[in-house]
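[1] Build me a model from this:
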Amino acid sequence: MVSSRKGQSALEYMTTYGWAMTVVLVVIGALYIGFFPNPDIFVSEQCSFVQDFSCENYIVRRDGVLNMSLRNLVGMSVNITSVTCIYGEESYSNTINRIVGSGEQFYAHCDKEEVFARDIVNLRVHIDYIREGYSFERRATGSITARPVD
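    From the prediction side, this is the model:
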């Protein structure tokens with residue numbers, strides 16, 4: 001008789017605390033959804049290039065236009081031949097053909113001609129260029145994470 005009371009007591013203990021834990025988890029979940037309905041608020045905006053160029057400033061507009069201000073860090077003048085922006089599986093190229101001196105700032109843009117539907121946009125950017133005195137083309141790769149503005 002004594003052992004069955006211990007078993008019943010243990011079962012009641014586990015049931016009571018099990019329901020209490022379930023209620024606590026439901027309340028935490030409801031608070032999380034209520035206070036943080038959009039997890040994109042935790043994503044930081046950034047613009048970075050692996051090499052040869054630095055991102056000075058950028059803006060991504062909701063209508064699909066990306067404007068960038070970049071600086072030449074190659075150490076010599078370069079001829080920027082094209083800028084390609086890649087969004088998802090689609091790419092958008094812009095032929096520039098512009099000579100940029102060492103350390104100089106230049107502007108580039110891509111126009112996707114469609115509206116960005118998401119709150120956070122992740123773009124890959126390829127800058128094709130030819131260094132002064134060379135004949136082969138090189139590519140610098142960068143990425144931009146931004147919130148589109150209207």
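[2] Helix or strand with the lowest mean pLDDT in the protein?
    helix 2-35 (a mean of 81; mean pLDDT, DSSP states H and E).
[3] Show me what that one is packed against.
    Contact here means 3 or more CB pairs under 8 Å, 6 or more residues apart in numbering; DSSP states H and E; on that basis helix 2-35 packs against no helix or strand. To be clear about C-beta, it is placed using only N, CA and C from the backbone, and glycine gets the same treatment.
[4] Show me the contact partners of stretch 130-147.
    40, 43-53, 55, 58-60, 66, 68, 74, 76-79, 81, 119-129 (CB atoms under 8 Å, 6 or more residues apart in numbering).
[5] And stretch 75-90, by the same measure?
    Contact partners of stretch 75-90, identified using CB under 8 Å, 6+ apart, comprise 66, 68, 72, 91-102, 106, 108-110, 112, 116, 121-133, 137.
[6] Tell me the strands beside the host helix or strand of Ile80, with direction?
    Assessed by DSSP states H and E, Ile80 sits inside strand 78-87. Strands that pair with strand 78-87, judged by DSSP bridges, come out as strand 90-100 (antiparallel), strand 121-131 (antiparallel).
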